[in-house]
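Enquirer: just to be clear, the model below is a prediction. Sequence and coordinates:
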Amino acid sequence: MTDTITPIMVNNNAVTLLEQARCAHEKYLIKQQDADLEKAIECYIDAIKANPSLSESYYRLASLLLIKGQISIDGAIEQCKTALTLEPDNVNAHIYSGYFQCLNGNFEEAEKEFKLAVSNSGINSARPRLFLSKLLFSRIKNHSSSVKDVMKFLYYFLSGSMMIMWDCPSLKMFCKFLANDFSVFSYKTLGATFEKMKLFPSALEAYSKGLEKTSQGNLFYQKMGDLSLECNDIEASLECYKKAHELNPTDREVLIKLATINQTYFPEDVDTTIDYYNSLLEFGIDLDKIYYELGHLYLNKADKIHAVTAFKLAQEINPENPYYNNSLAYAYIKAELYDDAIEYYQLAIKLNPDAEWTSIVCHALGAIYAEVKNNFDAAEATFNAGIVLDPNNVDIQLSLGDLYMSQGDLDKAIKTYCDAIAVEPENYLTYAKTGLALWEKDYLEESIVAFHKSIELNPDFEIAQNNLGVVYLDGLGDPKESVEYFKNAININPNYTLAYFNLGRAYQAIGDKALAAEYFQLTMDLNKITQEMADKEIRERLYGLFE
């Protein structure tokens, strides 16, 4: 024997579902939260499945699906026609049908529907009268009208306004709106007052009560999130914003806060931040800024292709933004598309929003010319342009000095490094580079002074320690003095292969073959990992000790 479902059970189930849909629909109208909208749609659909003859389900469902963008206005009108076929005298079906006809521009049809609603509802006809008066007022504003049209408008407007007192559904909804709004205002004001008084726990309690007592969860979760952020409770703030987002996924402000907090305080959670920014794209607002942020996030993930794509989209939307051009160029470098990088660096430099910033871009472009394209003339010109823009940019001066060093123009290199020292006399790196150029020029005493100054400014700079040892060893022929500096370099950086090698050379020059062999062997072992030197050179030194 099989179980059967009687029509009474089906009808009872349909009525229950319809009541649940009404409640969710009503909550949505008050709170404007997507969770209620989705629940109302689901229950209306289930009610229709349980009992297809319930006319109310059709026109109410049509209004919500239209809000969601899931049906067209013509589709909503068709739903109302279905409802009216099932129940020709349904006042609300006529009102909804008239409203949809208005949206579709069918004003004559809309007027007919509102008049039918008025005639069918008797003393409770306030709503259709007011809808009809609004329609007539729009016609008066947009077209030439007669005294008769004005009188009709006044009649329906005044009668509807007077009869609203007998419209129980409207009064009920109005009271709910009023009560909810008053509670929201009260708790919101109380919390804001406590915040101004710096009574943050009390403010948080007020917002929590507002969350509990009113239907504006989205608003109070935002307030709690803002307050937690102000108190530097980042995790609590993030949780509040997440709950606000769950209640209303279409709140753009909450999404912005989620994306910003996640990006700032949880940089390792790149994928979640990317998801937030992708959701923001759906709003169609500030798209270039969103693509710009996405580009940086993809760079953090080492996702070069998506980074290039995001920056390119930002640049296409706003091609005159120098920062977009600069970031796109940088992404192209990461993708090893150097010609494209050069093009967009040049655009960023041409736009030149700020001399100091543009000097940095010149530095990046000059580095491509020097290190990738081997176009030293273009590199020199670009570095010099950057120095003109910002004479205090020490980094670009050092790069220009390095360029001259690579070309063997030691005089220009020394002058450029000295210019950098004049700008920033406490920069240890400038002295180290100057010392190296002076050493190459055979200005030994000056080189020693420069390296000592570099070490004085930064005793932990192992390269200056090693190079000073080289000057003593190879320049002055003083291996005993050099040993101290090579050992300093090794203590600072135990993986500094060249310092081990130089220390071996120093002991060889002193005549201590055992220590020399030990350090040459250490050099050989370490070089297998660092690949800093040619193995042949190390072997020749080691084996040469015993010839």
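Expert: That came through fine. Note that this is a predicted model, so its numbers are computed, not measured.

Enquirer: how about the strands in the stretch 201-350 of the chain?
Expert: For the stretch 201-350 of the chain, no strands are identified by DSSP state E, counting those that start in this stretch.

Enquirer: so where is it shaky, pLDDT-wise?
Expert: 215-216 (pLDDT under 70).

Enquirer: surely Ala341 is in contact with Tyr330?
Expert: Yes. Ala341 lies in contact with Tyr330 (CB atoms under 8 Å); the separation is 7.3 Å. Bear in mind the C-beta positions are built from the backbone N, C-alpha and C, glycine included.

Enquirer: what strand or helix carries the residue lying closest to Leu132 once chain neighbours are set aside?
Expert: The shortest distance from Leu132 to any non-neighbouring residue, by CB to CB, 6 or more residues apart in numbering, is to Phe114 (4.0 Å). Assigned by DSSP states H and E, Phe114 belongs to helix 107-121.

Enquirer: determine the set of other helices and strands touching that helix.
Expert: Using 3 or more CB pairs under 8 Å, 6 or more residues apart in numbering; DSSP states H and E, the elements in contact with helix 107-121 are helix 91-103, helix 126-142.

Enquirer: could you find the closest non-adjacent residue to Ile448?
Expert: Val471 (5.7 Å).

Enquirer: how many neighbours does that neighbour have?
Expert: Val471: 23 surrounding residues under other CB atoms under 10 Å.

Enquirer: tell me who's in contact with it.
Expert: Contact analysis of Val471 by CB atoms under 8 Å, 6 or more residues apart in numbering lists 435, 439, 444, 447-448, 451.

Enquirer: about what we covered before: test my guess that the residue nearest to Leu132 contacts Leu130.
Expert: No. In this structure Phe114 lies outside contact range of Leu130 using CB under 8 Å: 9.4 Å.

Enquirer: before we move on, back to that, can you report how many residues lie near the residue nearest to Leu132?
Expert: 29.

Enquirer: and for Val15?
Expert: Other residues near Val15 number 14, with proximity taken as other CB under 10 Å.

Enquirer: in contact with it, which residues?
Expert: Here Val15 is in contact with Asn51 (CB under 8 Å, 6+ apart).

Enquirer: which SSE is it in?
Expert: Counting by DSSP H and E, Val15 is found in helix 7-31.

Enquirer: pLDDT on that helix, on average?
Expert: In this model, helix 7-31 carries a mean pLDDT of 69.

Enquirer: quick one: contacts of the helix or strand just after that helix?
Expert: Following helix 7-31 in sequence order, the next helix or strand is helix 34-50 (DSSP H and E). Helix 34-50 has contacts (CB under 8 Å, 6+ apart) with 10-11, 13-14, 17-18, 20-22, 24-25, 27-28, 54, 57-58, 60-61, 64-65, 67-68, 246-250.

Enquirer: still on that earlier bit, just the buried ones among the contacts of Val471, please.
Expert: By neighbour count, with 16 or more other CB atoms under 10 Å, these hold 435, 439, 447-448, 451 as buried.

Enquirer: narrow these to those in helices?
Expert: The helices, defined by DSSP state H, take in 435, 439, 447-448, 451 from those.

Enquirer: would JSON lines of the residues you listed with pLDDT and distance to Ser202 be doable?
Expert: Below are those laid out as JSON lines (pLDDT from 0 to 100; distance: CB to CB, whole Å):
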{"residue": "Gly435", "pLDDT": "96", "distance to Ser202": "64"}
{"residue": "Trp439", "pLDDT": "96", "distance to Ser202": "69"}
{"residue": "Ser447", "pLDDT": "96", "distance to Ser202": "68"}
{"residue": "Ile448", "pLDDT": "96", "distance to Ser202": "68"}
{"residue": "Phe451", "pLDDT": "96", "distance to Ser202": "63"}
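
Enquirer: low-confidence ranges, the stretch 51-200 of the chain, go.
Expert: If you take pLDDT under 70 as the line, the stretch 51-200 of the chain has these spans: 126, 141-146, 156, 160-187.

Enquirer: grab the nearest non-local neighbour of the residue nearest the centre of the chain.
Expert: By CA atoms, centre = their mean, the chain has its centre lying nearest to Glu293, at 4.5 Å. Among residues not flanking Glu293 along the chain, Tyr277 sits closest, at 5.7 Å (CB to CB, 6+ apart).

Enquirer: the one you found reaches Tyr292, doesn't it?
Expert: No. Assessed by CB under 8 Å, Tyr277 is found out of contact with Tyr292, at 9.8 Å.

Enquirer: residues in contact with the helix or strand harbouring Ala432?
Expert: According to DSSP H and E, Ala432 maps onto helix 428-440. With contact meaning CB under 8 Å, 6+ apart, helix 428-440 is reached by 394, 398, 401-402, 405, 410, 413-414, 417-418, 420-421, 424, 444, 446-451, 453-455, 457-458, 461, 463-464, 467-468, 470-471, 475.

Enquirer: tell me which of those fall in strands.
Expert: Counting by DSSP state E, no part of the contacts of helix 428-440 is found in strands.

Enquirer: hmm, which of those are the buried ones?
Expert: Listed as buried from those are 394, 398, 401-402, 405, 410, 413-414, 417-418, 420-421, 446-448, 450-451, 453-455, 457-458, 461, 463-464, 467-468, 470-471, 475; burial here means 16+ other CB under 10 Å.

Enquirer: would you mind measuring from Asp525 to Thr497?
Expert: In this view, Asp525 and Thr497 are 10 Å apart by CB to CB, to the nearest Å.

Enquirer: compare the two and say which is more crowded by neighbours.
Expert: Neighbours were counted for Asp525 and for Thr497 using other CB under 10 Å; Thr497 has more, 22 against 12.

Enquirer: skipping adjacent residues, who's closest to that one in space?
Expert: Nearest to Thr497 is Glu532, by CB to CB, 6+ apart, at 4.0 Å.

Enquirer: domains of this protein?
Expert: Domains of the chain are assigned by automatic domain parsing as 7-172, 179-248, 467-547.

Enquirer: comparing the helices and strands packed on helix 107-121, which comes out most buried?
Expert: Across the helices and strands packed on helix 107-121, the average number of neighbours (mean count of other CB atoms under 10 Å) peaks for helix 91-103, which reaches a mean of 23.

Enquirer: by contact count, what packs against it?
Expert: Helix 91-103 packs on helix 55-68, helix 73-86, helix 107-121, helix 126-142, going by 3+ CB pairs under 8 Å, 6+ apart.

Enquirer: returning to what we had before: may I have the helix holding Phe114 as PDB, with CA atoms only?
Expert: Extracted in PDB, the C-alpha atoms of helix 107-121 (Å, rounded to 0.1, in the frame of the first residue of the first chain):
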ATOM      1  CA  PHE A 107       0.100  54.200 -19.200                       C
ATOM      2  CA  GLU A 108      -3.400  53.600 -20.600                       C
ATOM      3  CA  GLU A 109      -3.300  49.900 -19.600                       C
ATOM      4  CA  ALA A 110      -1.900  50.900 -16.200                       C
ATOM      5  CA  GLU A 111      -4.800  53.300 -15.700                       C
ATOM      6  CA  LYS A 112      -7.300  50.600 -16.500                       C
ATOM      7  CA  GLU A 113      -5.700  48.200 -14.000                       C
ATOM      8  CA  PHE A 114      -5.700  50.800 -11.200                       C
ATOM      9  CA  LYS A 115      -9.300  51.700 -11.800                       C
ATOM     10  CA  LEU A 116     -10.300  48.000 -11.700                       C
ATOM     11  CA  ALA A 117      -8.400  47.800  -8.300                       C
ATOM     12  CA  VAL A 118     -10.300  50.800  -7.000                       C
ATOM     13  CA  SER A 119     -13.700  49.400  -8.100                       C
ATOM     14  CA  ASN A 120     -13.000  46.000  -6.600                       C
ATOM     15  CA  SER A 121     -11.600  47.200  -3.200                       C
END
